[in-house]
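S.K.: build me a model from this:
(2 chains)
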Amino acid sequence: MNDLTTAFGNPLSLLVLLPIVAGATLMLVAWAAPPSQRKDLTKHVRLISFGLSLLLFVLATLMFLESYSGIEWFSLNLNEYAYENCTTGQIEAGACALISGIGVSWHVGVDGLSFPMVWLTTLLVPVSMLVDWNAKKGAYFHTLLLMMEGALIGVFVSLDLFLFYVFWELTLIPMFFLILMWGGENRRYAAQKFFIYTFTASVIMLAGILILYFFTSVPLWEGNITGRSFDVTLMAASATTPSITFLGGFGMQKFVFLLLLVGFAAKMPSVPVHTWLPDAHVEAPTAGSMLLAGVMLKMGAYGFIRVAVTLLPEATIHYTWLLLLLGMVSLVYAAWVCLGQTNLKRLIAYSSVSHMGLIFLGIATMQPLGIAGALFMMLAHGLISPMLFAVAGAFKHHYHTLEIGSMRGIARHSPWLAGHMMFGCMASLGLPLLAGFVAEIAILIAFWMAFGWLVLLPALTLIITGAYYIWAMQRTIFEGGAEGELPESLHGEEPVDITWHENVGMFVLAAFIALLGVLPFIFFDMMSGWSSTLVENVLLAALNSMGGGP
Amino acid sequence: MGESKNPEMKFLIPIGLLLLFPFMRIYGGEFARGSPFDALESAFLIPLIPLLIFPIIAILGQVYNKEDWWKERFKEGGMIAICGLAIALSLSVWLAIQFFTQGTGDEDALRWNLFNWISFDVLGQTADGTWVTMEQDIALGVGIWVDPLSLMLLFVAAFLCFLICWFSLGYMNTDPINEDRNHRFYAEFVLFSAGMLGMVLADSFLWLFVFWEIMGLCSYLLIGFYYERPSAAYAAKKAFLTTRVGDVFLLIGLLILYDLYGSLDYAVIFGDPSIGGTVDAGMLKWAMLMLFIGAVGKSAQFPLHVWLPDAMEGPTPVSALIHAATMVNAGLYLVARMVPFFDVTAHGSGVEGLGDVAIIIAWTGGITACMAAMIAFVQNDIKKVLAYSTMSQLAYIFTGLGVSLWLFNNDHHHAAVIAFGASMFHLFNHAMAKGMLFMASGSVIHEMHHAHDHVSDPGDHDDDFDAQDMRNMGGLASKLPVTATAMAIGSASIIGLPLIGGFWSKEGIIAETWSATALYGASWMLFPAFLILLTAGMTGFYMTRMWMMTFAGKPKSVFAAHAHEATPWIRTPLVLLSVIALLGGFLLSLLGAVHWLGEGESLGSALGHDGTLMTVLETIKHAFLPADTFLLLITWTAVAISLVLGPMMAMRIHGGRLAKGESAHVGIAWLLPLSTRFGKSDVTALANSGVADALQRRLFFDEWYDAAVAATVIPLANVLAWFDNRIIDGAIRGIEWGSQSISGEVRKLTTGSARDYILMAVVGTLSIAALMWRVAV
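M.R.: As a prediction, the model looks like this:
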């Protein structure tokens, strides 16, 4: 009845399913192996997992290179996607149906919004495997990361909100176990908090998605009982014609928008629903932190743009002030809180909150440049914060502490670590020629055009951002006299530098951060093409009908 | 480590590259596309090559820093660095030759576009508030821009980078304290060069800012080169954060400019700064002010000046290059770039009503000049004196630029051009002289260190000894003849000894400031005009004081008595720069540098016009006997106080003959007996007074700033951290506690055994997959 090659014979489907199935299988093999062979097996499983994730990275990069020459990102419309597995007609005919009864289809595709995130995920997974190469119980650790990769990519490529939600929840499970089993001393509390927090938020988000679902009618296909669809392209089609009657009126639109905002803001996270993040990061293993900060936080921003902004433009414009408020408070408040932190991972976690605030500000400008800047921030921060967490993980690993004031002059003993820390901090505080600056300048230019002198707040916060990083470095890798001061947690052991695989992993991230800082158009033009389409096709009409805007 | 027998031989490689590289580009072009590349097409390599060398030195050095071949053959990365800088210098010279031979044609400048950095659309709004569709495909681009201003600074930067790298090869590699980490120095050094060269070549305010920040990073890294010293780590932090305050305002300035002009390219903005007279002058004024605050931070002007003296924690070559000769000029360059906005004369299309900003610039300059000179009076650290002197001289240039901008904005083209040219000319003279002075001070410090190590027992290091403290020196004129002579020439240039270097430009600035006040009605300029005239005398005092304390009289410590010039590598760069400092000013004035910088009149045109001898006489007559009586008075007052009053007072306090049997270099030997002719004055009472104490404590700025940060920023951060942990997270925890009953159920599943969890996860995942498969098929 339906054509499986249409549904699954697609590179994106491969990117999603291969790691999940392979990861689960490898895990089962490791679980079933007799204890005598476990040691050897662990090595093999680890190597295979790494090889597979590398393969996926190559695949994603090839797709990128092909898309670069073959796909006109600028002329893609909002309802069109690259690497789509079925057309609107096929979906309406039920050709890609997965659960026919309630109108769920296996519909995947990428555009300028999601593709950078997919590529980022495939890059970060092998890098984080490399950085945490010697994790205990490696056979499970690396396979969990592999499964997580599939789930994360699933979130970004699914164009069916049911699938989106399933993958969204699926990412929680590996992360929960990563924190619970490989975490620090307080891991139970952190894992539980992480799970409950994000799960509650996602249930609220689900309520919003369900309301959207019930207002999206499609032609009945065979077996579709409800006559509704979760497909986001179909939703977008019914949302835009005519938009003010979508969801039965503006009141409902605003309500759904708020539901979605709560769900996505908790994931990003935005003040005041951000407190799970520092705890989760402090307890998570290095690779877990890297993926959490690098990709999972971006799921919030991605979902917000994909669902809330695209489907509910009027409500987005109506609540611009709220976005502005949330973004500004996250940015400014979290930066100040950073300055008061003594734990390196908490500091980086709060700086993530601060940077995510910029994304809301970028969206609030309603300028293609600002939105593109927000998208670029997702990518840039997705490279920079994993680098910083890799550095923090190395401190934990080699010096057994994350307390900023507990050591001095580490650059003497661990010059590579100090170099990477310097690079990561500089990238994060927005040094030009590195990726973070591109996002910052784009957002700030658009912000000035939209809000004028209000730019003083985010701009002055850049000083605070500089201050906490510089100060943190001064009190860890610098000072300390000729011999430095080692932390007590080392118990007199000889200090060592990072291992070669940590070093390689950090270098890979550094290289991409520099590449995207010098030649940002590689991704930026794709993103600005997408943002222009969004503004032109969706927001422009809404702006004029609302008679307002920033 | 260790000098090879003929260190100069090594320079054959970079010097060879220097000559060869442009030819390689020319023939490379023939080979690649059938026609030679010209210098403009190769200009992007000037910053790019050092930029690419940076990671090479950093990574190779970190891997191989214990290897002999790395130390001997590569000089810990120094050889790679100097080769790269040699190429950059040769390309710069080539570019200058092309500029002089071909000119810019009808354009403002030679331009070359490289690529579009980012492209985007902009959503516009019509007058009635309707949002309309967008302007398509706007791009922030990357390109090259060459005009007299950038060419002058490009040459200064490329030349000094090369020369000071040369100097560093000896200075850094022979100091045991730098063992195994000089690669860091050279890596950061070339990155800095890339930043400086990139900034002057950039064709837009955006890329000016980009490289501006790169320089800030390198300044931070190099001040903190001896990161294990808390003072260095503190100074580095202070420099980075203080300049960042300025940078943020500069960034806001860029945002305003972008909003006004829809672009940040010089070509677009300078093409029509008033947008046909429709530009919002009030907003433009804010933009200018914001840019100026950025310049204040970078060039260490009041009130963001506090970082520069502390920056002397860095190695001496860094102080010479970054904190005297190049980076601190970036702020001046930025202000000089603002001329088209102000130029409302027939030659430009600027915007009226920006005079206030020009007055603010001039006042800032005047205040800083005077304040820094006052603080320099009491400094005993030889590098700190030079640091404050740098600050004070940069302030001169700011004053000159402020005056020039005011004149431009009030339609006095001729005077404005002279003031502008004199300011930029002073930048050149000061960079050469101050770079050389810092190198010479490095030589002094190095020899003092050496003598200290030599005299005192090895192993018995008393850490109290400060090789930079002038109170330990004295009488070095005979021990370090080359250094002493070079320093005398540099000081003379800074003081403004007639006919030498800085005299030409400094007199120009003072004269133009006064004439703006008196002849063109800029009554607000009276205050800065008065201050910089006063500062001229103060400069004479503190520079003479520094020289006398270091070189004159009897040795004040046993170490000074044992110092001797044992460093062959310092000689060449020092002598070369001395010659430039001595003669460069005069020669360039003859060639009409002021007019070339000010209005692009071709260099040397005056010479061809009137004949050489006449030009020399004319130039001298113009400098000493200006037609206007008022200017004549000002000129001679300045000469009198800077050359007679200031030095004389310094000599009364610190002058003295050398010890018996010692003799100085013939060029300066006459100075020492002369210094005793004015009598002696005892200043002990003054040195112990409250004024001296206030100056010693740098007029309390550092203390105030530290106290302000300690009283506001730190407590607020701690309170907010507490608030976040206790109040926000506490509220969440409260809700959580309420739902314990639910989590209790969850907890039963968490048995704590890894194998159980794994099994649960796998079974769960596979069953979902199986379910999907079943349903799908």
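
S.K.: going by secondary structure, B:Leu114 is in what exactly?
M.R.: Counting by DSSP states H and E, the element that carries B:Leu114 is strand B:110-125.

S.K.: pull out the buried positions in that strand.
M.R.: B:110-112, B:116-123 (16 or more other Cβ atoms under 10 Å in any protein chain shown). To be clear about C-beta, it is placed using only N, CA and C from the backbone, and glycine gets the same treatment.

S.K.: chain neighbours aside, what residue packs nearest to A:Thr216?
M.R.: Counting by Cβ to Cβ, 6 or more residues apart in numbering or on different chains, A:Thr216 lies nearest to A:Met235, which is 4.8 Å off, once chain neighbours are set aside.

S.K.: please report phi then psi for the residue nearest to B:Trp363 when sequence neighbours are not counted.
M.R.: Nearest non-adjacent residue to B:Trp363, counting by Cβ to Cβ, 6+ apart: B:Pro528, 5.6 Å away. Note on B:Pro528: its backbone torsions stand at phi -60, psi -30 [degrees, to the nearest 10].

S.K.: against chain A, how distant is B:Pro528?
M.R.: Relative to chain A, B:Pro528 is positioned 29 Å away (Cβ to the nearest Cβ, to the nearest Å).

S.K.: where does chain B have low pLDDT?
M.R.: Scanning chain B for pLDDT under 70 picks out the ranges B:1-12, B:105-106, B:457-463, B:566-569, B:598-617, B:736, B:738-777.

S.K.: looking at it, which residue is nearest chain A?
M.R.: Going by Cβ to the nearest Cβ, chain A is nearest to B:Ala721 of chain B, at 2.9 Å.

S.K.: element containing that residue?
M.R.: Going by DSSP H and E, B:Ala721 is part of helix B:713-723.

S.K.: what is the next helix or strand after that helix packed up against?
M.R.: For helix B:713-723, the succeeding helix or strand toward the C-terminus, using DSSP H and E, is helix B:729-738. Where contact means 3 or more Cβ pairs under 8 Å, 6 or more residues apart in numbering or on different chains; DSSP states H and E, helix B:729-738 is packed against helix A:187-214.

S.K.: close to chain B, is the helix it packs on?
M.R.: Yes. Counting by Cβ under 8 Å from any Cβ of the partner chain, chain B has neighbours in helix A:187-214: A:188, A:192-193, A:196-197.

S.K.: try stretch A:411-421
M.R.: Yes. Counting by Cβ under 8 Å from any Cβ, chain B has neighbours in stretch A:411-421: A:411-412, A:415-416, A:419.

S.K.: who's in contact with that stretch?
M.R.: With contacts defined as Cβ atoms under 8 Å, 6 or more residues apart in numbering or on different chains, stretch A:411-421 is touched by A:387-388, A:390-391, A:394-395, A:398, A:410, A:473, A:476-478, A:480, A:482-484, A:486, A:495-498, A:503, A:506, A:510, B:58, B:62, B:227-228.

S.K.: what mean pLDDT does it have?
M.R.: Here stretch A:411-421 scores 91 as its mean pLDDT.

S.K.: how far off centre is that stretch?
M.R.: 28 Å (Cα atoms, centre = their mean, to the nearest Å).
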